[in-house]
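Trainee: pasting a predicted model and its sequence here:
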Amino acid sequence: MLIDTHTHLYDARYNDDRDAIIARAREAGVEQFVTIGCDLATSESAVALADRYPFVHASIGVHPHEVKHIQDGWYHEFRRLAKSNKVVAYGEIGLDYHYNHSSPKEQRERFREQIQLARELRLPVIIHTREAQDDTIAILKDERASEIGGVFHCFSGDARLAKDALDLGFYLSFSGILTFQNASALREIARTAPLDRVLIETDCPYLTPVPHRGKRNEPAFVTHVATQLAAIRSDEAGMSPEKVALATTRNAKRLFKIA
């Protein structure tokens, strides 16, 4: 059984067949899902979906692209949403200097605020970082994020970032990027990362894995991530997709405190 630890199930691209794509995932062996908030509205949608399905969990928070939109009262609303026992994490939060949809200065300020709120709520953090490695790690250290733990989602950084994240006690989550032809360096990181610190995800509807490139991603495709991770680590005794599924499911349940 598998857990897709990073989905956007509320996305409008699923409006016509959401129940069907969830059913396909369940048939493929995906037993639980975490659907991720990126601003207040999507956090509310994530919690509403989690309330609808017993096997769906939610995270709340504001993506670095969206922090420029934070208004008075948003953090109060996140505190309200966090009262739901279906909320298992705070995120995705972090820094993204590739697009700078929000200014780097505002990203850093809001990142600190949201780590502080996650610590108050005692929720692990889901980290998005792109071209911002040094600042991301520095802020996580400054704000003592290791006390609540978390995961670097859709990990696509280099070996130094992987080491920094693991040294903080964080998990690394691998997505369909592992199947991309040009991801040899990432596959090497996935090969050597401690198996008890690895999660898998789709980040659906984005980042569709091979062999479905060009199509809308969906949670059932997390099976391809598990299969690829097992193939990458095939030199380990007894490695199989089933072992990857068992390990990553156990890790997800430990991080997110889900049964």
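Mentor: That came through fine. Here the structure is a predicted model, which is why all the values come from computation and not from measurement. Numbering: from 1, shown residues only.

Trainee: low-scoring stretches of this protein, by residue?
Mentor: Judged against pLDDT under 70, the chain has no low-scoring part.

Trainee: all strands of it, in order?
Mentor: 2-7, 30-35, 56-60, 87-96, 125-130, 150-152, 171-174, 198-200 (DSSP state E).

Trainee: nearest to T223, of those strands?
Mentor: strand 2-7 (6.7 Å; Cβ to Cβ). Bear in mind the C-beta positions are built from the backbone N, C-alpha and C, glycine included.

Trainee: now that closest one - C-alpha only, PDB.
Mentor: Output in PDB follows, covering the C-alpha atoms of strand 2-7 (Å, rounded to 0.1, in the frame of the first residue of the first chain):
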ATOM      1  CA  LEU A   2       1.100   3.500  -0.800                       C
ATOM      2  CA  ILE A   3       0.600   7.100   0.400                       C
ATOM      3  CA  ASP A   4       0.700   9.900  -2.100                       C
ATOM      4  CA  THR A   5       2.100  12.600   0.300                       C
ATOM      5  CA  HIS A   6       1.600  15.600  -2.000                       C
ATOM      6  CA  THR A   7      -1.500  16.100  -4.200                       C
END
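
Trainee: what are the buried residues along stretch 54-63?
Mentor: Of all the residues in stretch 54-63, those buried under the rule 16 or more other Cβ atoms under 10 Å are V56, H57, A58, S59, I60, G61, V62, H63.

Trainee: what's the closest of these to L161?
Mentor: Set against L161, the nearest of those by Cβ to Cβ is H63 (18.8 Å).

Trainee: am I right that that closest one is in contact with E92?
Mentor: Yes - in this structure, H63 is within contact of E92 by Cβ atoms under 8 Å, at 5.6 Å.

Trainee: overlap of the contact sets of these two?
Mentor: Common neighbours of H63 and E92 (criterion: Cβ atoms under 8 Å, 6 or more residues apart in numbering): C38, H128.

Trainee: tell me the helices in this structure, going along the chain?
Mentor: Using DSSP state H, the helices of the chain run over residues 18-27, 40-52, 74-81, 104-121, 133-142, 159-167, 184-192, 222-232, 241-256.
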